[in-house]
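Q: I would like to see how this sequence folds:
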Amino acid sequence: MTQPDVSLLYAFSNQFADAVERAGVSLVQVNGRQRQSSSGVVFADERVLTADHTLEREEDLTIETHDGRTLPAHLIGRDPATDLAVLHVPGLGLAPATTPEQPARVGQMLLLVGRPSPGGAMASLGIVSAAGGPVRSRRGAMLERYIQTDATPYPGFSGGAMIDAHGAVLAITTTGLASGVAVGIPSDLAWRVAEAIASQGHVRRGFLGISSQPVPIPPAQRAGRDQARGLLIVTVEEGSPAHTAGVLVGDILVGFDGQQIADTDDLQNLLSGDRVGQSFPIDLLRGGSLTTIQITIGQRS
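A: Numbers count the residues shown, from 1 in each chain. The predicted structure is shown next:
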């Protein structure tokens, strides 16, 4: 290995070490179960985000900080669908973690960081091996988006962070949503869930009762719409809002409340909790013709 190669490797190594140091200030140890502690990330003033499945009790919770303090923590609420929980820690006084400007990309290098013991932060190197969603977790809930990595999640890493080379939090790590792998809840989604939990104790989610997949729409079947893709309805749950409204298997969903729907992300973005109980028009391609019906958004249990 030539001297320039060694210098590059040294700089690369130092950059990731610096990233762990920066992220570690906002990383805490969470004591919420009898044996192995877990990790948590400071996301707001006196607020810590951690993994729901690691809290086996709701009282007598404590956290330990990078500067050696042990503080009592109070559970504000939890969201089993994303395996996230929010703690209030009076007097915490730590700066919230930073988040990246761009979402994680497949192939991007990252670090898993956690603080499962008083000995300091721990880290594991890997890449983003997958990024997508929605997907059904082993808990049976639909996960809006996720990040998967090949980095090793050591015991106690759940509730910690997936970070980039600058120390920004790409995702909150959990081993509670999939068997044998570390799954990350992207930071923008995790922060949104955390803010909902902090303000109302739980997360409201819209529900239509369909499963779907993106499909191209042949020009002859677009019924005059300038739209090349839509969502093919694959199943409709009996008794669901979609079933009540008259949505049929084989319909192609192309519009929701005047917005084009080309993929599942488009639809999920419009099913926010504040829309539960409200009725909206949806546009469907059915047999080559455009059909508009009203649908009332339900609340996902």
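Q: So what would you say the end-to-end distance of stretch 155-171 is?
A: For stretch 155-171, the first-to-last residue distance is 18 Å (Cα to Cα, to the nearest Å).
Q: Buried ones in that stretch, by neighbour count?
A: In terms of neighbour count (16 or more other Cβ atoms under 10 Å), stretch 155-171 has its buried residues at 156-164, 167-171. In short, each C-beta sits where N, CA and C put it, glycine included.
Q: what do you get for stretch 69-85?
A: 71, 73, 75-85.
Q: cool, stretch 187-195 as well?
A: 187, 189-191, 193-194.
Q: Report the distance from the helix or strand containing residue 281 to the chain centre.
A: Using DSSP states H and E, residue 281 sits in strand 279-286. Per Cα atoms, centre = their mean, to the nearest Å, the displacement of strand 279-286 from the mean C-alpha position of its chain is 28 Å.
Q: since we're on the residue lying closest to residue 214 once chain neighbours are set aside, how many residues are nearby?
A: In this structure, residue 214 finds its nearest non-sequential neighbour in residue 263, 4.5 Å apart by Cβ to Cβ, 6 or more residues apart in numbering. Neighbourhood size, residue 263 [other Cβ atoms under 10 Å]: 14.
Q: contacting residues around residue 263?
A: Applying Cβ atoms under 8 Å, 6 or more residues apart in numbering to residue 263 gives the contacts 214, 229, 231.
Q: Identify all contacting residues around the strand holding residue 281.
A: Under Cβ under 8 Å, 6+ apart, the answer for strand 279-286 is 217, 221-223, 230, 245, 247-248, 250-258, 290-297.
Q: circling back to that earlier point, inside helices: which ones of the buried residues of stretch 155-171?
A: In helices, defined here by DSSP state H, there are no members of the buried residues of stretch 155-171.
Q: returning to that earlier point: in PyMOL, how would I select the buried members of the contacts of strand 279-286?
A: To isolate the buried ones among the contacts of strand 279-286 in PyMOL, judged by 16+ other Cβ under 10 Å, type:
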select buried, resi 217+222+223+230+245+247+251+252+253+254+255+256+295+297
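Q: Just the pLDDT at residue 141, thanks.
A: On pLDDT, residue 141 comes in at 66.
Q: should've said residue 301
A: Value listed for residue 301 in the pLDDT field: 66.
Q: residues of the strand holding residue 281 that come out buried?
A: Of the residues in strand 279-286, those buried (16+ other Cβ under 10 Å) are 282-286.
Q: now stretch 49-56
A: Quick answer for stretch 49-56 (16+ other Cβ under 10 Å): 49-55.
Q: among these, which are in strands?
A: Among these, the members falling in strands (DSSP state E) are 49-51.
Q: circling back: any idea which of the buried residues of stretch 155-171 is closest to residue 100?
A: Sorting the buried residues of stretch 155-171 by distance to residue 100 puts residue 168 at the head of the list, at 4.2 Å, by Cβ to Cβ.
Q: quick one: that closest one and residue 117, what's the gap?
A: 24 Å (Cβ to Cβ, to the nearest Å).
Q: where in the stretch 201-301 of the chain is pLDDT low?
A: Residue ranges of the stretch 201-301 of the chain with pLDDT under 70: 301.
Q: ranges for the strands of it?
A: Per DSSP state E, counting those that start in this stretch, the stretch 201-301 of the chain carries strands over the ranges 206-207, 210-216, 229-236, 252-256, 259-260, 279-286, 289-296, 298-299.
Q: For the fifth one, which outside residues touch it?
A: Pointing back at strand 259-260 there. For strand 259-260, using Cβ under 8 Å, 6+ apart, the contacting residues are 227, 254, 266, 270.
Q: Count the residues that sit near the third one.
A: Number of residues near residue 266 (other Cβ under 10 Å) recorded here: 18.
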